[in-house]
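1. sequence unknown, structure follows:
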């Protein structure tokens, strides 16, 4: 009989290379570190019993990202009735939350050329997008997912992904109009 550690070692070896990207995706979807950590943990717990299946998957990273995305959608639907607390990005008390939402809790990703007022404007513009448009633009432009990977993640056609990305960027340009390029 295998020990608990013996069973988890192959699982850990399979998923460990993908944890950083999964966490970043979870953070972009949830908007905060605790929920992102919970989401990644939920996915890992679900996948732990499927170790043999994971070993046979050719492109494990995109597959795990798709599982995480669907888990997020399921969680969102399940908790949709709960009231959310609005957080103002202009409130100094929320500075850490805004910084974490933009850059990830563990690794700063802010380009040196972005000024704080640009970050606030971009955050407001992203918040003004629909969920579908915001998701596609963040996955593609912020996280670097390819269009085909986003198609697999979201389960919508490639044409729809391209259309959403185009419309999201156009809306962002409109919202950020007089503030130059980022």
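-> Cool, the structure landed. Owing to the predicted nature of the structure, the values given are computational and were not obtained by experimental measurement. Numbers count the residues shown, from 1 in each chain.
2. what about residue 146, neighbour count?
-> 12 (other Cβ atoms under 10 Å). Where C-beta positions appear, they are placed from N, C-alpha and C, glycine not excepted.
3. give the contact list for it.
-> residue 140 (Cβ atoms under 8 Å, 6 or more residues apart in numbering).
4. relative to residue 158, how far out is it?
-> Going from residue 146 to residue 158 by Cβ to Cβ, to the nearest Å gives 10 Å.
5. you'd agree residue 21 is up against residue 60?
-> No - counting by Cβ atoms under 8 Å, residue 21 sits too far from residue 60 to count as a contact (11.0 Å).
6. show me this protein divided up by domain.
-> By the record's domain assignment, the chain is partitioned as 4-78, 110-179 (automatic domain parsing).
7. dump those domains into TSV; add mean pLDDT as well.
-> As requested, these are exported to TSV (pLDDT from 0 to 100):
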stretch	mean pLDDT
domain 4-78	85
domain 110-179	82
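8. element containing the residue most central in space within the chain, please.
-> Nearest to the geometric centre of the chain sits residue 25, at 2.6 Å (Cα atoms, centre = their mean). Applying DSSP states H and E as the criterion places residue 25 in helix 19-30.
9. off-centre distance for that helix?
-> 4 Å (Cα atoms, centre = their mean, to the nearest Å).
10. quick one: name whatever helix or strand follows that helix.
-> Heading C-terminal from helix 19-30, the first helix or strand you meet, by DSSP H and E, is helix 33-48.
11. that next one versus helix 19-30: what angle between them?
-> On the basis of axes from the mean of the first three to the mean of the last three Cα atoms, to 10 degrees, helix 33-48 is oriented at 120 degrees to helix 19-30.
12. could you check how far the residue nearest to the centre of the chain is from residue 62?
-> 11 Å.
13. next, the buried residues of stretch 161-180.
-> 161, 164, 165, 167, 168, 169, 171, 172, 175, 176 (16 or more other Cβ atoms under 10 Å).
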